[in-house]
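Undergrad: coords below, sequence missing:
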């Protein structure tokens with residue numbers, strides 16, 4: 001190897017120095033955006049009306065059409081999930097039954113071939 005090539009691969013003194021821990025240009029913008037979001041959220045919570053922040057369930061309505069719809073939605077999703085899982089179970093049971101039938105037919109054919117072979121000799 002040439003001496004110039006070896007020197008270019010060695011680390012320089014600048015690459016071994018630790019990097020500064022300052023926020024940098026992009027870090028200040030991120031910090032400002034975070035503080036602005038927190039202040040906006042705090043103002044909305046403190047100055048906002050209590051009825052705006054609560055849904056009907058949290059506000060005190062125990063039985064409403066909204067709750068009935070949510071319950072019905074959950075039941076429908078559970079039924080659909082169970083139907084799909086039942087379809088998979090049924091399909092795999094069908095495959096197992098079909099594989100047993102094919103195995104029995106192959107075993108029967110092999111047995112008949114063995115019986116024919118022993119008669120001819």
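TA: It's in. Nothing here was measured: the structure is a model prediction, and the numbers come from that model.

Undergrad: Now do the SS call for residue 63.
TA: coil (DSSP: H, G, I helix; E, B strand; the rest coil).

Undergrad: typed the wrong thing, it's residue 94
TA: helix.

Undergrad: which residues touch it?
TA: Listed by Cβ atoms under 8 Å, 6 or more residues apart in numbering, the contact set of residue 94 is empty. Every C-beta, even on glycine, is put in place using the N, C-alpha and C of the backbone.

Undergrad: mind showing which ranges of the protein have poor pLDDT?
TA: Confidence mapping of the chain against pLDDT under 70 gives the ranges 1-27, 48-61, 118-121.

Undergrad: Tell me where it has helices.
TA: Ranges of helices within the chain are 3-9, 24-47, 50-53, 56-59, 65-120, based on DSSP state H.

Undergrad: okay, now residue 67: neighbour count?
TA: Residues lying near residue 67 (other Cβ atoms under 10 Å) number 13.

Undergrad: Can you give me the distance of it to residue 81?
TA: Here residue 67 is placed at a distance of 21 Å from residue 81 (Cβ to Cβ, to the nearest Å).

Undergrad: just residue 37 next, same as before
TA: Applying Cβ to Cβ to residue 37 and residue 81 gives a distance of 38 Å.

Undergrad: Likewise for residue 46?
TA: Separation of residue 46 from residue 81 (Cβ to Cβ) stands at 43 Å.

Undergrad: Comparing these two, which residue is more hemmed in?
TA: Just comparing residue 46 and residue 81: by other Cβ under 10 Å the higher neighbour count belongs to residue 81, 10 against 7.

Undergrad: Relative to residue 38, how far out is the more buried one?
TA: Separation of residue 81 from residue 38 (Cβ to Cβ): 40 Å.

Undergrad: Equivalent analysis for residue 112, please.
TA: Going from residue 112 to residue 38 by Cβ to Cβ gives 83 Å.

Undergrad: Same question for residue 68.
TA: The value you get for residue 68 to residue 38, if Cβ to Cβ is used, is 38 Å.

Undergrad: for residue 86, same thing?
TA: As judged by Cβ to Cβ, residue 86 and residue 38 stand 49 Å apart.

Undergrad: Please apply the same query to residue 77.
TA: Distance of residue 77 to residue 38, computed by Cβ to Cβ: 36 Å.
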